[in-house]
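Peer 1: Mind folding the following:
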Amino acid sequence: MLYSGSRMPIVFVVARDWTLRVNVRAELRERGIDALGIESPEDVDRAVAGGQIPAVIVLEATTENAADPAIRNLIERVPAVLIASRMETVSLPPVASVLYRPVRIDEIVIRVTELIEKGHAA
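Peer 2: The predicted structure is shown next:
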């Protein structure tokens, strides 16, 4: 179970790009989703160690994120929306959805909400 019906789902928005992180987080929070803006793999580790398990993760495809074992493990267990560049290739386990830059914030939010609804029905 990704989250209980009585709790607000948590979404990790993991991105070095602060505009992506802040804007996606703000839109998700407007829709009643507890979105955490996370800048680095170390911050992901701290959040998970603190007991926060996301329903969905939005992940900026970077070499740093792809190399981190904790992030790789997390996206194998949690549905992920990958924000990727057409110019750079990173090796990650399969994810639920890949969106290529340039991408609109509403596209990301729609994918996240679809994945949350799908997980909630499970």
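Peer 1: From here on, just use CA atoms for contacts and neighbour counts.
Peer 2: Will do.
Peer 1: Quick check: next helix or strand after the helix or strand containing Leu28?
Peer 2: Assessed by DSSP states H and E, Leu28 sits inside helix 18-30. Once the chain leaves helix 18-30, the next helix or strand it forms, by DSSP H and E, is strand 34-38.
Peer 1: pLDDT on that next one, on average?
Peer 2: For strand 34-38, mean pLDDT is 96.
Peer 1: Next: stretch 97-111.
Peer 2: pLDDT averaged over stretch 97-111 gives 96.
Peer 1: do stretch 60-67 as well
Peer 2: Averaging pLDDT along stretch 60-67 gives 92.
Peer 1: got the buried residues for it?
Peer 2: Neighbour-count burial for stretch 60-67, with 16 or more other C-alpha atoms under 10 Å as criterion, is recorded at 60-62, 65-66.
Peer 1: Strands of the protein, start to end?
Peer 2: Here the chain has its strands, by DSSP state E, at 10-14, 34-38, 56-60, 80-84, 97-100.
Peer 1: And the top helix by length along the chain, what's buried?
Peer 2: The longest helix of the chain (DSSP state H) is helix 105-121. For helix 105-121, burial by neighbour count (16+ other C-alpha under 10 Å) applies to 105, 108-109, 111-113, 115-116, 119.
Peer 1: rewinding a little: in a markdown table: the strands of the chain, plus distance to Ala70.
Peer 2: Below are those laid out as a markdown table (distance: least, C-alpha to C-alpha, whole Å):
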| stretch | distance to Ala70 |
| --- | --- |
| strand 10-14 | 13 |
| strand 34-38 | 14 |
| strand 56-60 | 13 |
| strand 80-84 | 14 |
| strand 97-100 | 19 |
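Peer 1: which stretch among these comes nearest Val24?
Peer 2: strand 10-14 (7.3 Å; C-alpha to C-alpha).
Peer 1: which helices and strands does the closest one pack with?
Peer 2: helix 18-30, strand 34-38, strand 56-60 (3 or more C-alpha pairs under 8 Å, 6 or more residues apart in numbering; DSSP states H and E).
Peer 1: Run the angle between that strand and helix 105-121 for me.
Peer 2: Per axes from the mean of the first three to the mean of the last three C-alpha atoms, to 10 degrees, the angle that strand 10-14 makes with helix 105-121 is 140 degrees.
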